[in-house]
Structures are given as structure tokens and as C-alpha cells.
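In: sequence plus the predicted model coming up.
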Amino acid sequence: PPLMRQKLALASADNYINLKQYNKALKIFDTLNKGDMLEGMQDHVQFMIARVLAGTTQKDAARLMWQKLGENTENRYIRPRALFAITNLNLAENKISLKEAIEKLEPLRIIWRGDQFEITLLNLLSRLYEEEKMYREALRAYREIVTYFPNHPDNLNITGKMADIFRTLFNEGGADDMPPLQALALYYEFRNLTPIGPEGDKMIQNLADRLTEVELLDRAAKLLQHQVEFRLSGEDRSRVGARLALIHLLRREPRQAIDVLELTGFGGNPEALEQQRRLLTARALMGLEESDRALGLLEGDDSREAKLLKLAIHWKEKQWPELIRNGEALMGQRDDPTQPLSDDEVDVLMKLAIGYVFQGQSGQLNYLRDYFLPLVEDGKSRELFTFITEDTTLDYRNISKLAAQIGRMESFLATYRSKIKEGGLSNAVQ
């Protein structure tokens, strides 16, 4: 039948063009023309002749034929293929940018669906998206291929490409330019690509670092909670548990901090990690009004972090002699006594001054003012420190109000906040 002969002729011509045997393809078209068998298939033949022209260096002529087909044909099969061909040709010859190519190709996804052409289109779009760092769009385009064409022989390779993009995003800094919430949404959309083992754990930690740097503590906590419950064990679980406990402390959730520290205990931890876990446990106990237990955990620990935490506990309990002892030790171990005071050192200084006031140690108060006032750079802090240490009769009601104001600062947790800003949550608890 004529229709069958037409279809077979087009299939043969297409095969010859794919094999770059262009003369054989043209001979088929000539035979069809002489036999008056082109009716209803002129657009198909024009499209394929343009392919021959493009393959024989007559690219301008091919471009013109495809352009006319793209603008004029009503054939739903040919129109998207012509527009794809001319866009692909212009892209190969650097006549359009990647962004322009994407803008021309995206509408074609709507015009034609459901065969090898759609797979070819999605593959090209995915590559362009990736080169333009449009990672979400690249992953979604690849996902369409493996979802709607489950038996496609290249699906394993496509899944590998998706995994590579995911790795680029969350282990090689590709998501660093994204807003943190957008990066988190992208992670959750494609979280099934998270590798099993250390590489996947690193991805989650990198994302948690970014979230904590911008104070999205609740989102970071959910990520780490999943890790400690389902992915980690041993020392790694204990370390991530400490990071999660720190987040709970920053969110003023001491009970949750204690719970996660108890859940993630491990007997084989290195001493440095155990020390950090003790510090965090002590801070959580302080928040639960168990100061004696907290101080018991800190006994024998002479680290700066332990001294800062003891200072906070003594301040809370109004244990002025012990506060003075810790405050003096902290101010006496500065690396460079002539350098301006940092924010946490100003906090220690203020509390030490208040301790001297309540203990009636005016001589020490005067020494504190004379030695440290020149090192306090912040204007408001200078005024407050001057007021506390000035040689006048102090109204203890005002001092009590000041003490309440100063008590809202806490150098122990402030130190951890600084570490998070400098290098993320993983820098704060190593």
C-alpha cells in the first residue's frame, strides 16, 4: 500500500542520514517525487533534506529550511523537531548563548511528549542546565527521563549523572551560592540521592553547617536528629550528637540536649570529644537548675571553656567568691594583655566587677578600672564599666538591675556562636 511504502521510505532515508550516507537518502526522496508519493509528507521530507544539508556543510541552507518549518508547519511531529534542530545547530556554532538555547528548548517539552525525541530533548536541556548551574532544573529533567521512560537503556548512566550533580552541590560547594533554605529544599527533594556511608554523612553535615551559620537551628536539628537515629554509630554518632546538643542549647532546650547526649554516648571517644560532651552536658544541667551537678562535671577541667562555664554558673547562683576566682583566672590568661578586649572578655570583666562590688573589694575594683578601661573599645560597654567601677557610693538596687542586664550575656555559648560563624557547626564541635 502507498502509505506503507511512504513510511518504509522515510525510515530508510532516516537510517541512511544517521549513517551519513546522504546520497542514498536523497535518491529515496527523488524516487518518491518521481512516483508522486510525496503527498502529505512534504514537511517530513523537507526536514530530512535539511538534515542532509547540515551534514554536508550547507548549514545556512539547513537553518533556513528548519526556520520555515518551525514558523509555518502545522505538523505537530515536525515543528518541535525543526525548532530543536535549528537551536542545536546555532548552539554548536556559538550563535546563541546557553541561556538563549534553554529559553528556546523549554517550550518544546510541552509540544511533544513520549518518545526518543523527548529523551534527547531532556538530555540536552539537563546538560545546559548543569553548565548554567541550574542544578534543580537539571535534576528534575533527568528525573523525568528515568520516571517516564523506566526501560530506557541509558537510565543507569543518567542516575549516575544525577548522583554526580548531587555530590557537586552538597560536597563540593555547588550549593554555596544558593540561599540556605533553597539548598535545604533541594536536598529534601532529591534526598534519595544521598550516598550511603561517610560521603552522605558529610553532605548532611555540610548542609547543617550552612543552616546553623544563618541561625536556621531548627532545620539543622532535624537533619542531625535523622543522622544520629538512622545513619551513624560509634564515635561519629557521638560527635554529631554533641553538635545536635549544642543546637538545642542555643535554642534554650536543655532537656533535649541532655536527651541526645545520653542517646549518643560512646565509650571509645577520644578525650577531646569527651571533654566537649562534658562541657555541653554541664551547660544543659545548668539550664535545668542542677548547678551542683554541672560544677561536679567541670571539676578538674582548667580549660578556658570550662572556666567560662563555671563563671556563668557562679554568676547565676550569686557565688561571688568563686566567680571572682574564675574571673581573675580568665582575665589573667590573656595572650596579649595590651590588646583591646573581645566581646566575651568584656562580659567576663563586667561580671568580675559586679563580683567585686558585692564583695566590697573597692581596691580591686579600682585596679580593674585603671588597668582595663583603656582596653574597652565599645562605647556603651565603656560607659557601663565606668559606672560600675567609679569612686562613688553605689546604689545596690541599680547594681542589681545592671547585674540582671549583664547576666543576659553568656560568654560560654557566645564562644560557640563565634566558632559557628567562623567555620560552621562542625568547627564548633570537632
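Out: That came in fine, so what should we check first?
In: where do the helices sit along the stretch 1-150 of the chain?
Out: 2-18, 22-34, 42-55, 59-72, 78-92, 98-105, 108-111, 116-131, 135-148 (DSSP state H, counting those that start in this stretch).
In: which parts of the second one are buried?
Out: In other words, helix 22-34. Neighbour-count burial for helix 22-34 flags 22, 25-26, 28-29, 32 (criterion: 16 or more other C-beta atoms under 10 Å). For glycine as for every other residue, the C-beta is placed from the backbone atoms N, C-alpha and C.
In: in JSON lines: those, plus distance to L121.
Out: JSON lines is the format used below for those (distance: C-beta to C-beta, whole Å):
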{"residue": "Y22", "distance to L121": "24"}
{"residue": "A25", "distance to L121": "23"}
{"residue": "L26", "distance to L121": "27"}
{"residue": "I28", "distance to L121": "27"}
{"residue": "F29", "distance to L121": "26"}
{"residue": "L32", "distance to L121": "28"}
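In: including pLDDT and distance to P180, could the residues you listed go into JSON lines?
Out: Formatted as JSON lines, these follow (pLDDT from 0 to 100; distance: C-beta to C-beta, whole Å):
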{"residue": "Y22", "pLDDT": "84", "distance to P180": "54"}
{"residue": "A25", "pLDDT": "85", "distance to P180": "55"}
{"residue": "L26", "pLDDT": "87", "distance to P180": "58"}
{"residue": "I28", "pLDDT": "86", "distance to P180": "59"}
{"residue": "F29", "pLDDT": "78", "distance to P180": "58"}
{"residue": "L32", "pLDDT": "76", "distance to P180": "61"}
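In: tell me the one of these nearest F412?
Out: Distance to F412, by C-beta to C-beta, is smallest for Y22 among these, at 77.8 Å.
In: could you give the average pLDDT over stretch 307-325?
Out: Mean pLDDT, computed over stretch 307-325, is 93.
In: what residues does it touch?
Out: Surrounding stretch 307-325, the residues in contact under the criterion C-beta atoms under 8 Å, 6 or more residues apart in numbering are 279, 282-283, 286, 291, 294-295, 298, 326-327, 329-330, 344, 348, 351-352, 355-356, 358-359, 361, 407, 410-412, 415.
In: among those residues, name the ones in helices.
Out: Those of the contacts of stretch 307-325 mapping onto helices are 279, 282-283, 286, 291, 294-295, 298, 326-327, 329-330, 344, 348, 351-352, 355-356, 358-359, 411-412, 415, per DSSP state H.
In: buried subset of those residues?
Out: Buried positions within the ones in helices among the contacts of stretch 307-325, assessed by neighbour count (16+ other C-beta under 10 Å), are 279, 282-283, 286, 291, 294-295, 298, 326-327, 330, 344, 348, 351-352, 355-356, 358, 411-412, 415.
In: model confidence score at F117, please.
Out: pLDDT, F117: 92.
In: again with L108
Out: 93.
In: and for L232?
Out: 91.
In: from here on, call the first residue 235.
Out: Sure, I'll start counting at 235 from here, so that last one is L466.
In: what's the burial count for it?
Out: Per other C-beta atoms under 10 Å, the neighbour tally for L466 reads 20.
In: for the nearest residue to L342 once chain neighbours are set aside, what are its contacts?
Out: Spatial nearest neighbour of L342, excluding adjacent residues (C-beta to C-beta, 6 or more residues apart in numbering): P314 at 4.5 Å. With contact taken as C-beta under 8 Å, 6+ apart, P314 is in contact with 342, 345-346, 351, 355.
In: compare the residues you listed and tell me which has the most neighbours.
Out: L355 (24 neighbours).
In: element containing Q439, please.
Out: helix 432-447 (DSSP states H and E).
In: I'd like the average pLDDT over that helix.
Out: Helix 432-447 comes out at a mean pLDDT of 91.
In: same check, this time on stretch 369-379
Out: 95.
In: repeat for stretch 396-413
Out: Stretch 396-413 comes out at a mean pLDDT of 91.
In: name the residues of it that are buried.
Out: 396, 399-401, 403-405, 408-409, 412.
In: can you get me the start-to-end distance on it?
Out: 21 Å (C-alpha to C-alpha, to the nearest Å).
In: count of neighbours near L618?
Out: Neighbour tally, L618, other C-beta under 10 Å: 18.
In: er, R527 I mean
Out: R527, neighbours per other C-beta under 10 Å, totals 14.
In: ok, now L602?
Out: Neighbours around L602, by other C-beta under 10 Å: 21.
In: ok, now the one 3 residues further on?
Out: Summarising burial for Y605: neighbours were counted as other C-beta under 10 Å, giving 11.
In: tell me the contacts of it?
Out: Contacts for Y605 (C-beta under 8 Å, 6+ apart) come out as none.
In: so what pLDDT did it get?
Out: The score at Y605 is 91. That number is its pLDDT.
In: that one: which element?
Out: Using DSSP H and E, Y605 falls in helix 596-606.
In: buried ones in that helix?
Out: 598-599, 602-603, 606.
In: just send those back as a markdown table, with distance to E308 too.
Out: Listed next are the buried residues of helix 596-606 as a markdown table, based on distance: C-beta to C-beta, whole Å:
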| residue | distance to E308 |
| --- | --- |
| Q598 | 94 |
| L599 | 93 |
| L602 | 89 |
| R603 | 90 |
| F606 | 85 |
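In: out of these, which comes closest to Q573?
Out: Distance to Q573 across the buried residues of helix 596-606 (C-beta to C-beta) is lowest for F606, with 11.5 Å.
In: ignoring the adjacent residues along the chain, who's closest to that closest one?
Out: Computed as C-beta to C-beta, 6+ apart, the closest residue to F606 that is not its neighbour in sequence is L583, at 5.8 Å.
In: so how many other residues sit close to the one you found?
Out: 23.
In: surely it meets D612?
Out: No. Taking contacts as C-beta atoms under 8 Å, L583 lies outside contact range of D612: 11.4 Å.
In: quick check: neighbours shared by those two?
Out: By C-beta under 8 Å, 6+ apart, no residue touches both L583 and D612.
In: point out where the stretch 535-664 of the chain drops to low pLDDT.
Out: Judged by pLDDT under 70, the stretch 535-664 of the chain has its weakly predicted residues at 625-639, 641-644.
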